[in-house]
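**Q** Would you be able to build a 3D model of this:
(chains A, B and C)
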Amino acid sequence: MQYWLIKSEPEAFSWQQQVENVTEPWTGVRNYQARNNLSAMRCGDLAFFYHSVSDREIVGVVEIVREAYPDPTAAEEGAVKEGSGKEGGGKRRWVCVDVRAHGEMRKPVSLAVIKADPALAGMALVKQSRLSVAPVTHEEWQHICALGQWRAP
DNA sequence: GCCAACGTTGGC
DNA sequence: GCCAACGTTGGC
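**A** Numbers count the residues shown, from 1 in each chain, chains lettered A, B, ... in the order given. Here you go, the predicted structure:
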């Protein structure tokens, strides 16, 4: 059982949409480190849902319900690239997972609070601000759940 | 809107 | 294989 954090710009895909859609394929990750994190996710793992850019806060929790499979939104890009004759055999294998809305923070936990908290200042979210799929330690998870007054559904 | 940090690309 | 140029992300 592992904990994670996934980011989304609310203008592109928000927590509200996640809640309405219930289950959502988490596509569009085009960074190798983030891709590796996606691949390491297992069914039943939990992830914080973070709103980047405009909100900058953790708003909810999702559960991984399907492990890594080829990202359908990457297939087209790959085809175009191969068609152009540049790429040597589909080297770019991007993946996605399916996530299900699990519950909402009663109190969103902001980046400012996270950065100001010595117990959380070492988070990948802080140290690698551009990493869109990041691991979260057990301690960090518990701490943020407390700050967000998280109640398991 | 600006800028720093980071990742990718292409010339050499 | 190095490095400059460029593009993107995301905090402020």
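
**Q** where does the closest residue to DNA strand B within chain A fall, helix, sheet strand or coil?
**A** Nearest residue of chain A to DNA strand B, counting by Cβ to the nearest atom of the strand: residue A:130, 4.9 Å away. Every residue, glycine included, has its C-beta placed from N, CA and C. Here residue A:130 is coil, with the state taken from DSSP: H, G, I helix; E, B strand; the rest coil.

**Q** for chain A, which strand is longest?
**A** Using DSSP state E to define each element, chain A has its longest strand at strand A:95-110.

**Q** list the buried ones in stretch A:113-124?
**A** A:113-114, A:117, A:120, A:123-124 (16 or more other Cβ atoms under 10 Å).

**Q** Just confirm yes or no for that stretch near DNA strand B.
**A** No. Stretch A:113-124 stays clear of DNA strand B (Cβ under 7 Å from any atom of the strand), getting no nearer than 10.9 Å.

**Q** next one: that stretch to chain centre, how far?
**A** 18 Å (Cα atoms, centre = their mean, to the nearest Å).

**Q** and what of stretch A:44-59?
**A** 7 Å.
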